[in-house]
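Asks: Give the three-dimensional model of this entry:
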Amino acid sequence: MLDVAIKRDELEISKTISTEILEALYDRKLLKVFVPDTLGGLGKNLIDGIKIFRQMGQLDGNIGWAVTIGSGGNMFLPLFQAHVGEMHFEPENAVISGSGKPDGIARKVEGGYIISGRWHYCSGADYATTFTMNTINEENGEMVTCSVKRADVTIEQDWQAIGLKATASHTIQLEEVFVKDTETFEFDQIQNNYNLPVHTFPFLTFSESSFFSLVIGMAHNVLLKQQQALNEKFNVEHSRYQLVSEKIQRAQTIINEIEVEFDARVETLWQQHTQLQIDEQLLREFSQFCQTASNEITNVLQLLMRYFGMEAVLETSELSYSWRNFCTASQHVFLTP
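Replies: Residues are numbered from 1 along each chain as shown. From the prediction side, this is the model:
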């Protein structure tokens, strides 16, 4: 899907997505999966969009995360007045980063708010063009969700996880920044005609399906790297090769079965959504499924990693790189117990 070299060492050392890879993502509109074509996006529905996330996760964890997070920000497009939405989303390199935690304070002033605060884990901070964040109105305690230009943000390059090192998931800080009323938004208030059907899909379930689809793709990548490591270490006739290869195949079967069930559940929810009759009980069951299935995939892969000795733990190995990325992604709050 990307006609560009993906250099693991470069991603790990630079701790960011290279300009070359970013240009390829912009060219293929992979950071605007849920932006309509009138604003230069792919205009995908949920089903097709999360399959893209899976494909990118199978290609590389860091890039898959960038595409998933970047396109996740597309969900905010309909919540702005039209001219503000166009400003944020129409540029070819438009990327939204930010945080959902209410870690800032908003002071109401004429025409807007004065915002201050610090927000952790803002993926894509190195190249984001707009940042969004939740704050608390100091007068009444209500939530105020804001968008700010890159120039207004101070980025603290403090992302130090064991994996997904190139996702630039840094802390951002605002100090007494003025945000116009038109640059705030509410999640239940559509203000323009750029909305796609996906934009009114329940946001929590959208996030769960996006991240779990990405994790499935990354799990396939781990299995691929395990098989490659096995091929390099043993001859196919070796008893150790046969033992571990069989375990890889069993793991592949388990993950494939989970993937099939996941797709079926998402398909059902999407059909209900398009018919305006979504079942709240099915949404709750889907959340539980994603958490339980994520645990199962993690456990299956973890048991397999025990067969690869130092190859599993050396930071210089492709297997370790893939495994660390998977472990980091699967720790997302939407996928943990």
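Asks: Now do the helices in the protein.
Replies: 8-14, 19-27, 46-59, 61-72, 82-89, 203-233, 239-274, 280-305, 318-329 (DSSP state H).
Asks: Now distance to Asp152 too, for these, in TSV please.
Replies: To be clear about C-beta, it is placed using only N, CA and C from the backbone, and glycine gets the same treatment. Formatted as TSV, the helices of the chain follow (distance: least, Cβ to Cβ, whole Å):
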stretch	distance to Asp152
helix 8-14	25
helix 19-27	22
helix 46-59	29
helix 61-72	20
helix 82-89	13
helix 203-233	25
helix 239-274	35
helix 280-305	35
helix 318-329	29
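Asks: Relative to Ile114, which of those helices is closest?
Replies: For the helices of the chain, the distance to Ile114 is smallest for helix 82-89, at 18.8 Å, taking Cβ to Cβ.
Asks: So which bits of that closest one are buried?
Replies: For helix 82-89, the neighbour count (16 or more other Cβ atoms under 10 Å) marks Val84, Gly85, Glu86, Met87, His88, Phe89 as buried.
Asks: and which of those is nearest Lys7?
Replies: Phe89 (29.9 Å).
Asks: Would you single out the least confident of the helices of the chain?
Replies: With a mean of 93, helix 8-14 has the lowest mean pLDDT of the helices of the chain.
Asks: And the contacts of that helix?
Replies: Residues from elsewhere that reach helix 8-14, judged by Cβ atoms under 8 Å, 6 or more residues apart in numbering: Ile17, Ser18, Asp60, Asn62, Lys165, Ala166, Glu315, Glu318, Tyr321.
Asks: you'd agree the fourth one is up against Ala168?
Replies: No: when contacts are counted by Cβ atoms under 8 Å, Asn62 is not listed as touching Ala168 (9.4 Å).
Asks: Please identify every residue contacting each of these two.
Replies: Ile17.
Asks: So the two - more neighbours on which side?
Replies: When Asn62 and Ala168 are compared for neighbours, Asn62 comes out ahead with 28 against 24, by other Cβ atoms under 10 Å.
Asks: From Leu223, how far out is the most far-flung residue of the chain relative to its centre?
Replies: Going by Cα atoms, centre = their mean, the residue of the chain most distant from its centre is Glu237, 40.7 Å out. According to Cβ to Cβ, to the nearest Å, Glu237 stands 22 Å off from Leu223.
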